[in-house]
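Trainee: Just to be clear, the model below is a prediction. Sequence and coordinates:
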Amino acid sequence: MKKSISNTFTLVVVATLAIYFLLPIWWAIVASTKLYSVAFSGSPIWFNGPTLFNYIYAFTKSSLLLWLGNSLIEAGSAGAIGALVAAMAGFALGKYVFRGKRLLTLVVAIGLMIPSTAIAFPTFVLEQQLGLVNTYEGVIFPTAVSAFGTYFMTIYAQETIPKDVLDAARIDGASEWRVFTSIALRYFRPALVTIFIIIFAGTWNNYLLPLFVLRNAALYMLPQGLASVLINGSTFPNLQYAIQLSGTVVTILLMIGLFVSLEKYIEAGLGLGAVRG
């Protein structure tokens, strides 16, 4: 009896949380199929004369496709570079013994506590000196560096890569680079996907740093582009509505599709990397 009540309570809590998180997404999908003239009449969570006008307008008459492409380039590059750098750093901290290792590990741990918003402006000032303002690299390089990714890969390397396998490769004459690329990366595969997704999502949704760095509208990522529509589109609220809702739904569906397609790798990476925790 107690177990049945407990299961029912758990089911109610999970269902409530699911509705809480999914309802805004459902509303955005429904609203994106409504014309502005009927958007605020009838049920807010059900269709009312569904149409693809908003999507057609947003993709053909605005810069939504350009912003989407910029986001894919910058978030994808940051994710790929960040995952590789995190794997290299994690392999070094997890499998090598060297002077200063404990200090470096402490620095990485401290980096986990610093919010990205706190270093956005200092990063911008530094990028001004390096000539990276208004470039793709100005967004890609800072967002590719992940303290969490390095820490995660360090734990992953310690728990999943057998020392005997590495020693055998070295005895056979493999260089350290060969050991990393031929052996370590194979073990890192699920973790690489996990870190790629985390960095990709973080870069994709990053608003503050690109706001500082990107001045040319042709380089805007999706968050900056949609924000510019919100700021400059008050004269034509119907067109602003079309671009905002369409861009939001496209962003949501792309992220959902990415997570679903790589779900098995993410679960494997998080599961193996969390052994010590």
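Mentor: Good, I have the coordinates.
Trainee: For the helix or strand harbouring I19, which helices and strands make contact with it?
Mentor: Using DSSP states H and E, I19 maps to helix 2-32. Applying 3 or more C-beta pairs under 8 Å, 6 or more residues apart in numbering; DSSP states H and E, we find helix 2-32 packed against helix 237-261. For glycine as for every other residue, the C-beta is placed from the backbone atoms N, C-alpha and C.
Trainee: Now the helix it packs on: buried residues?
Mentor: By neighbour count on 16 or more other C-beta atoms under 10 Å, the buried set for helix 237-261 is 239-251, 258.
Trainee: what angle separates the helix holding I19 from helix 237-261?
Mentor: Put simply, helix 2-32 runs at 140 degrees to helix 237-261, going by axes from the mean of the first three to the mean of the last three C-alpha atoms, to 10 degrees.
Trainee: distance between helix 2-32 and the chain's centre?
Mentor: 24 Å (C-alpha atoms, centre = their mean, to the nearest Å).
Trainee: And for stretch 98-118?
Mentor: Relative to the chain's own centre, stretch 98-118 is displaced by 21 Å; criterion: C-alpha atoms, centre = their mean.
Trainee: Report the contact partners of S246.
Mentor: By C-beta atoms under 8 Å, 6 or more residues apart in numbering, S246 lies in contact with S32, N54, Y55, Y57, A58, F59, L64.
Trainee: hang on, the earlier thing: flag whichever of the buried residues of helix 237-261 scores worst on pLDDT.
Mentor: The member of those with the lowest pLDDT is L239, and it reads 77.
Trainee: quick revisit: could you single out the nearest of the contacts of S246 to A80?
Mentor: Of all these, L64 has the smallest distance to A80: 24.1 Å, by C-beta to C-beta.
Trainee: name the helices or strands packed onto whichever helix or strand comes after the helix holding I19?
Mentor: Toward the C-terminal end, the helix or strand that comes next after helix 2-32 (DSSP H and E) is helix 53-61. Other helices and strands packing on helix 53-61, by 3+ C-beta pairs under 8 Å, 6+ apart, are helix 237-261.
Trainee: Turn the buried residues of helix 237-261 into JSON lines, columns for distance to T135.
Mentor: Shown next, in JSON lines, are the buried residues of helix 237-261 (distance: C-beta to C-beta, whole Å):
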{"residue": "L239", "distance to T135": "30"}
{"residue": "Q240", "distance to T135": "29"}
{"residue": "Y241", "distance to T135": "32"}
{"residue": "A242", "distance to T135": "30"}
{"residue": "I243", "distance to T135": "25"}
{"residue": "Q244", "distance to T135": "27"}
{"residue": "L245", "distance to T135": "30"}
{"residue": "S246", "distance to T135": "28"}
{"residue": "G247", "distance to T135": "23"}
{"residue": "T248", "distance to T135": "27"}
{"residue": "V249", "distance to T135": "29"}
{"residue": "V250", "distance to T135": "25"}
{"residue": "T251", "distance to T135": "23"}
{"residue": "L258", "distance to T135": "25"}
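Trainee: Count the residues that sit near T181.
Mentor: 12 (other C-beta atoms under 10 Å).
Trainee: ok so, going back, if you count neighbours, what's buried in the helix holding I19?
Mentor: In helix 2-32, counting by 16+ other C-beta under 10 Å, buried: A28, I29, V30, A31, S32.
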